[in-house]
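Novice: Structure, please.
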Amino acid sequence: MEEDKRVKVKKGSVTVRVGLEGEQGAGGGGFRKFVIPISHLHHPLFKSLLQSAQETYGYRSSGPLKLPCSVDDFLHLRWLIERESQHSNGHHLRSCG
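Specialist: Numbers count the residues shown, from 1 in each chain. Below you'll find the model as predicted:
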């Protein structure tokens, strides 16, 4: 039985493929897929990453949007955007420690 590798993405989200050519991640491949809110694409920090993607890969692409940065850098960027979003919405997280 053949598995369908397509994952349904919730409305308001987009799939991105993150990694650098030649980078080896924990899974042995240099790229990882993430599903992020479309609203992240409008954030100033993310816009610079999109500009780098356009310069690296051009406008045409089949499949998920490819982002030229390390997975660790992407995770940090996503954390910054989500933290800023939580603070601007009045949701303040309490420290665990």
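Novice: for stretch 55-62, the distance to its chain's centre please.
Specialist: Here stretch 55-62 is found 16 Å from its chain centre; the criterion is C-alpha atoms, centre = their mean, to the nearest Å.
Novice: Give me the residues contacting it.
Specialist: Contacts to stretch 55-62, defined as C-beta atoms under 8 Å, 6 or more residues apart in numbering, come from residues K66, P68. For every residue, glycine as well, the C-beta is placed using N, CA and C.
Novice: Report the mean confidence score over it.
Specialist: Mean per-residue pLDDT for stretch 55-62: 82.
Novice: tell me the contacts of the residue nearest to F31 when sequence neighbours are not counted?
Specialist: In this structure, F31 finds its nearest non-sequential neighbour in G19, 3.6 Å apart by C-beta to C-beta, 6 or more residues apart in numbering. If you count contacts by C-beta under 8 Å, 6+ apart, G19 has them with G25, G29, G30, F31, R32, L67, P68, C69, S70, V71.
Novice: Out of these, list just those in strands.
Specialist: The strands, defined by DSSP state E, take in F31, R32, L67 from those.
Novice: Which of those sits closest to K47?
Specialist: Within the ones in strands among the contacts of G19, the smallest distance to K47 is 11.9 Å, found for L67 (C-beta to C-beta).
Novice: dump the residue contacts of the closest one.
Specialist: V16, R17, V18, G19, L49, L50, S52, A53, F74.
Novice: Among those, name the buried ones.
Specialist: Buried members of the contacts of L67, counted by 16 or more other C-beta atoms under 10 Å: V16, V18, G19, L49, A53, F74.
Novice: how about these, which pair is most distant?
Specialist: Checking the buried ones among the contacts of L67 with C-beta to C-beta, the most distant pair is G19 and L49, at 12.6 Å.
Novice: Give me the common contacts of the two.
Specialist: What both G19 and L49 touch, as defined by C-beta under 8 Å, 6+ apart, is the set L67, P68, C69.
Novice: Report all helices and strands that the longest helix belonging to the chain contacts.
Specialist: Secondary structure of the chain read by DSSP state H shows that its longest helix is helix 71-88. Helices and strands touching helix 71-88, by 3 or more C-beta pairs under 8 Å, 6 or more residues apart in numbering; DSSP states H and E, are strand 13-19, strand 31-37, helix 44-57.
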